[in-house]
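Trainee: sequence first, then the predicted structure, then my questions.
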Amino acid sequence: MVANATTPGADSEVGRLRSVLLHRPGNELRRLTPRNNDRLLFDGIPWVSRAQDEHDAFAAALRERDVEVLYLTDLVTEALEVAGAREAVVETTLTGPSGFDLGDTLRTYLRSMFEDATPEGLTQLLTAGVRNDEVRSGLNRGTLVTTLLPDDAFLVDPLPNLLFTRDSSVWLRDRVAITSLAMPARRRESQLTELVYHFHPRFAGIARMHGHQLEHVEGGDVLLLGPGVIAVGVGERTTPAGAERLARQAFAAGLATTVLAVPIAQERATMHLDTVCTMVDVDKVVMYPNIADTLVAYAVTRRDPGSEDLVVAPPEPFLVAAAKAMQIDTLHRIDTGLDPVTAEREQWDDGNNTLALAPRLAVAYERNDGTNARLEEAGIEVIRIAGSELGSGRGGPRCMSCPVIREPLG
Ligand SMILES: NC(=O)NCCC[C@H](N)C(=O)O
């Protein structure tokens, strides 16, 4: 089954976007302070109401182009109404690695707090987290844990990076892969996407793959280059083992014939493949030129249909390997900037991180003048959005969106 206007699924980066999952920034951003922002993966302290305005304008630009906007927190709240959902998420939040530092008394207290909350209230607790000083007064005698932890210790971490819905799930044709996020500050995010895709009635019967407890894969590293061709960045966030398992699963489910494993430098500027390269047309990418000549891909295929054995080809220049796998003559590259300094500045500000709404129609941050001009010279219509506050988390329009329905390319 391939996506049509109503069936969830996406099999390309540029097919007409019909439905998208976003997260409107909320109280979880109000948790950021100069002492925790590095650990929580923000480069500064965003002005929250302005970030919300910018995000609302992003959502409005999508709706104007007939894209349905789904909000993650609405889906979580609705999923929590379904029998079994609350118990499942309370368990994954308070036990196992996420609840390791709580101790039994506090865990019991938080469990009853979570069980008594309304669905909206529980969504708030799960997204904005819980600070020590918020519960200490409610506990009669306190616990050793609440007594010894500082006031501002998080008993349940806030999730400011929920803003980047791209990373915690990814649709591959008619299946959704629940990802496994590498950074401790983001690991709980895919407990929420798991909750939504498991329990929300809208996704009943949808096949799920990968899994939040498996090897690390993040959606920002996964690019659906064309029918049957998936590129997977391998670096800070997606491990070689994560890419290998995703490739195996994609082959087994008939979702791909070639997976391109693309090593990227393990550093913040290149945390995901979509920070250096996104598609803006069926045969065009906007790409960070400073690495364009050194980026390589290892084409991974199956030895033969039905076989578990993978064949890994020697590395080739990324654009060459991609064009070959996509069976096109050339995958054209539009550079982020003409000179290396502009290119580096605009790559940092997510000039490469565009969201295609259709072939040759892309949403981009307005601040990247050079890149946007070059996109337009290349025949791409650019929908500019403000991102001064949104960008403080280091992610652009692609990072902030998870396509749920894209029409197949005609
Ligand atoms: N796909 C993306 O590149 N997402 C951006 C994620 C930014 C977030 N602050 C992070 O460090 O994970």
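Mentor: It's in.

Trainee: downstream of the helix or strand that contains Leu375, the next helix or strand is which one?
Mentor: Assigned by DSSP states H and E, Leu375 falls within helix 369-377. In the C-terminal direction, the helix or strand that comes right after helix 369-377 (DSSP H and E) is strand 381-385.

Trainee: grab the longest helix from the chain for me.
Mentor: Criterion DSSP state H: the longest helix present in the chain is helix 48-64.

Trainee: parallel or antiparallel, which strands does the helix or strand that it is followed by pair with?
Mentor: With elements assigned by DSSP H and E, the helix or strand that comes after helix 48-64 is strand 68-71. Using DSSP bridges, strand 68-71 pairs in its sheet with strand 17-22 (parallel).

Trainee: what residues of stretch 113-120 count as buried?
Mentor: 113-114, 117, 119 (16 or more other CB atoms under 10 Å). Using the backbone N, CA and C atoms, a C-beta is placed for each residue, glycine as well.

Trainee: mean confidence for that stretch?
Mentor: For stretch 113-120, the mean pLDDT works out to 97.

Trainee: what about that stretch, distance to the chain center?
Mentor: Stretch 113-120 sits 27 Å away from the centroid of its parent chain (CA atoms, centre = their mean, to the nearest Å).

Trainee: how about stretch 213-223 against the ligand, any contact?
Mentor: Yes: Stretch 213-223 lies within reach of the ligand by CB under 6 Å from any ligand atom, at Gly220.

Trainee: tell me which residue of this protein lies closest to the ligand.
Mentor: Residue nearest to the ligand within the chain: Gly220 (2.3 Å; CB to the nearest ligand atom).

Trainee: I'd say that residue and Arg237 touch.
Mentor: Yes: the criterion here is CB atoms under 8 Å, and Gly220 meets it with Arg237 at 6.9 Å.

Trainee: joint contacts of these two?
Mentor: 167, 271-272 (CB atoms under 8 Å, 6 or more residues apart in numbering).

Trainee: so for the residues you listed, which is the shakiest by pLDDT?
Mentor: Met271 (90).

Trainee: just the helices in this protein please.
Mentor: Here the chain has its helices, by DSSP H, at 48-64, 72-79, 85-94, 104-116, 119-128, 132-135, 144-148, 189-199, 240-252, 289-292, 318-326, 340-348, 369-377.

Trainee: what's the third one packed up against?
Mentor: Under the contact criterion of 3 or more CB pairs under 8 Å, 6 or more residues apart in numbering; DSSP states H and E, the helices and strands touching helix 85-94 comprise helix 104-116, helix 119-128, helix 189-199.

Trainee: can you put those in JSON lines and add distance to Val285?
Mentor: Below are these laid out as JSON lines (distance: least, CB to CB, whole Å):
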{"stretch": "helix 104-116", "distance to Val285": "44"}
{"stretch": "helix 119-128", "distance to Val285": "33"}
{"stretch": "helix 189-199", "distance to Val285": "26"}
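
Trainee: ok so, going back, single out the most deeply packed of the helices of the chain.
Mentor: helix 189-199 (a mean of 24; mean count of other CB atoms under 10 Å).

Trainee: can you pull out the low-pLDDT segments for this structure?
Mentor: With pLDDT under 70 as the threshold, the chain has low-confidence stretches at 1-5, 140.

Trainee: okay, domains of it per the record?
Mentor: Per automatic domain parsing, the domain ranges recorded for the chain read 17-72+160-406, 75-156.

Trainee: among these, which is nearest Asp11?
Mentor: Among these, the nearest to Asp11 by CB to CB is domain 17-72+160-406 (4.9 Å).

Trainee: what is the burial count for Asp309?
Mentor: Asp309 has 8 neighbours, counted by other CB atoms under 10 Å.

Trainee: and for the one 3 residues further on?
Mentor: For Val312, the count of nearby residues is 13 (other CB under 10 Å).

Trainee: now swap in Asp329 and tell me
Mentor: Neighbourhood size, Asp329 [other CB under 10 Å]: 9.

Trainee: what parts of the stretch 51-200 of the chain come near the ligand?
Mentor: Contact residues (CB under 6 Å from any ligand atom) of the stretch 51-200 of the chain with the ligand: 161, 164, 166-167, 183, 186.
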